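In: what follows is a predicted protein model with its sequence.
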Amino acid sequence: MSGTSVPEPVYFSYSGGCGSLVVIVTKSSLTCHGCQGIYSQFGLAIHQNDHQARRRFVEWAQNKITVVPDFHKRILLSDEAHFWLNGYVNKQNCRIWSEANPQVYVETPLHPEKLTVWCALWAGGIIGPYFFKNDEGHNVTVNGDRYRAMITNFFIPELNNHDVQELWFQQDGATCHTTRTTINLLKDTFGDRLISCFGSVNCPPRSCDLTPLDYFLWGYVKSLVYADKPQTLDHLEDNIRRVIADIRPQMLEKDIENWTSRLDNIRASRGSHIPKIIFKM
């Protein structure tokens, strides 16, 4: 439109166990630490039974909301993300930050340093970030033992400030999340309020478009933490902590309301994935 300034977009890409994602955030929205809109586009590897599993989950969730109108505000939705120091792209699980379309990138031959970060998000706030480190304080990736240690030593103590009897917990089907020991640990805390493989309710596989951390949180955080081009992992970790601490409650409320809109969209499409959506903040 004549006389209208179109904000220059900043692009982020993600690919992992549930597919690939491109998030575009306008530069003007980054300046004020708020998003006018996030455009997400997913390219997902669909399996034969995915639509049916997603329909079953949506029907279950909407039935719960019918009985308990604020049910969607009682779910702790969780996930991990890698934050690479120099934007390295790993074909299995990667996120990069750039000011150009990330569909075009150069892959470096060496594995640079990275942080593996976990958060749980719900209408009441964000629990985390938690950074996976070994006993010497070195950054490490997540495995079953480290995930259980995080649940035991960090997550459960953090829940002491909340009425756990009112909360559900959701996690994806990553192997490190779903060992028998880990599931038993989570059931000891949440009982049958567990949305997970081997939980009382199955978390639908390959559903980044139903995981607020994938379609909102990680992209939003990365839109800010790389702005000053951190040169060390400590600097990057400080940025991540600061950005997550600064996320406004109103943003989380809109994020969770957006989740219920996605249930409607998925039900209307009979379980199809959402190819593109604008998430307005």
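Out: Nice, I can see it. Numbering: from 1, shown residues only.
In: quick one, what contacts Lys64?
Out: Going by CB atoms under 8 Å, 6 or more residues apart in numbering, Lys64 touches Phe71. All C-beta spots, glycine's among them, are computed from the backbone N, C-alpha and C.
In: do that again at 10 Å, thanks
Out: 71-72, 74-75, 168, 201 (CB atoms under 10 Å, 6 or more residues apart in numbering).
In: swap in Cys119?
Out: Contacts of Cys119 by CB under 10 Å, 6+ apart are 76-81, 126-130, 213, 217-218, 221, 240, 244.
In: please redo it, this time with the cut-off set to 7 Å
Out: Cys119 sits next to 78-79, 126-129, 213, 217, 244 when contact means CB atoms under 7 Å, 6 or more residues apart in numbering.
In: looking at those residues, which are in strands?
Out: Per DSSP state E, strands hold the following members of the contacts of Cys119: 78-79, 126-129.
In: which one of these is nearest to Tyr226?
Out: Pro129 (15.5 Å; CB to CB).
In: where does pLDDT dip in the stretch 1-150 of the chain?
Out: Along the stretch 1-150 of the chain, segments meeting pLDDT under 70 span 1-48, 87-112.
In: quick one, what contacts Val58?
Out: Contacts of Val58 (CB under 7 Å, 6+ apart): 263, 266-267.
In: if you set the cut-off to 8 Å instead, what comes out?
Out: 263, 266-267, 271.
In: now the helix or strand hosting it, how far from the chain's geometric center?
Out: Assigned by DSSP states H and E, Val58 belongs to helix 50-67. Distance, stretch centre to chain centre, for helix 50-67: 20 Å (CA atoms, centre = their mean, to the nearest Å).
In: what residues sit buried inside that helix?
Out: 50-51, 53-55, 57-58, 61, 64 (16 or more other CB atoms under 10 Å).
In: contacts only, for Tyr83.
Out: Not Tyr; residue 83 is Phe. By CB under 8 Å, 6+ apart, the contact set of Phe83 is 95, 114-117, 222, 225, 236, 240.
In: and which of the ones in strands among the contacts of Cys119 is nearest to Lys187?
Out: For those, the nearest to Lys187 is Ser78 (15.4 Å; CB to CB).
In: which strand residues bridge that closest one?
Out: Per DSSP bridges, the residues bridged to Ser78 are Ala120.
In: what's the answer for Gly125, then?
Out: Trp122.
In: quick check: it touching Leu252?
Out: Yes. Using CB atoms under 8 Å, Gly125 makes contact with Leu252 at a distance of 6.7 Å.
In: so which of these two has more stuff around it?
Out: Leu252 (20 against 13; other CB atoms under 10 Å).
In: can you tell me the closest non-neighbouring residue to the more buried one?
Out: Nearest in space to Leu252, with sequence neighbours left out and distances taken as CB to CB, 6 or more residues apart in numbering, is Ala123 at 6.1 Å.
In: just give me the neighbour total for that neighbour.
Out: Ala123, neighbours per other CB under 10 Å, totals 17.
In: quick check: mean pLDDT of stretch 260-276?
Out: Averaging the model's pLDDT scores along stretch 260-276 yields 83.
In: distance between it and the chain's centre?
Out: On CA atoms, centre = their mean, the centre of stretch 260-276 falls 18 Å from the chain's centre.
In: for stretch 80-87, same thing?
Out: Worked out by CA atoms, centre = their mean, stretch 80-87 lies 13 Å from the chain centre.
In: only the buried residues of it, if you could.
Out: Buried, per 16+ other CB under 10 Å, within stretch 80-87: 80-85, 87.
In: Asp79 touches Phe216, doesn't it?
Out: No. Under the criterion of CB under 8 Å, Asp79 is not in contact with Phe216, lying 10.9 Å apart.
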